[in-house]
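Asks: Prediction below, plus the sequence it came from.
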Amino acid sequence: MKVELSGEARAEVERADAWWRENRPAAPDLFANELDQALIALEGTPGLGLRYEPKPGICRLLLQRTSYHLYFLVQADRVYVVAVWSAYRGRGPAL
């Protein structure tokens, strides 16, 4: 199944990756690598993640090492990532 990121999710990925590279010199590629692995996993197993109860139809997958969540919809022919959000923010994204 194809995985696509919304424009907003792409912008969040760019911000998170830049922050990670600047602030985590011991593992600057960790966020990008973990994100890539999660997107590949979603291609093969779109049922990963848990339902995000505040928004019907949205699922959430935790990137365990970096503590980011992917918020996504599973549609007929694709997985559509609508947000990439740090779990440390203490609240979910505005979806």
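Replies: Here it is on my side, so go on.

Asks: And the helices in the protein?
Replies: Under the criterion DSSP state H, the chain contains helices at 7-23, 30-44.

Asks: Tabulate the ones you listed (a markdown table), appending distance to residue 92, mean neighbour count and mean pLDDT.
Replies: (Glycine included, C-beta is placed from N, CA and C.) Formatted as a markdown table, the helices of the chain follow (distance: least, Cβ to Cβ, whole Å; neighbours: other Cβ atoms under 10 Å; pLDDT from 0 to 100):
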| stretch | distance to residue 92 | mean neighbour count | mean pLDDT |
| --- | --- | --- | --- |
| helix 7-23 | 13 | 14 | 96 |
| helix 30-44 | 17 | 16 | 96 |
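
Asks: between these, which gets nearest to residue 63?
Replies: helix 30-44 (4.7 Å; Cβ to Cβ).

Asks: and the angle for that closest one with helix 7-23?
Replies: Interaxial angle of helix 30-44 relative to helix 7-23 (axes from the mean of the first three to the mean of the last three Cα atoms, to 10 degrees): 150 degrees.

Asks: How far off centre is helix 30-44?
Replies: The chain centre lies 8 Å from the centre of helix 30-44; the measure is Cα atoms, centre = their mean, to the nearest Å.

Asks: ok, residue 83 - contacts?
Replies: 6, 8, 9, 12, 69, 70, 71, 93, 95 (Cβ atoms under 8 Å, 6 or more residues apart in numbering).

Asks: now, which of these sits nearest residue 55?
Replies: Residue 55 lies nearest to residue 95 out of those, by Cβ to Cβ, at 5.0 Å.

Asks: wait, that closest one sits on residue 71?
Replies: Yes - assessed by Cβ atoms under 8 Å, residue 95 is found in contact with residue 71 at 6.4 Å.
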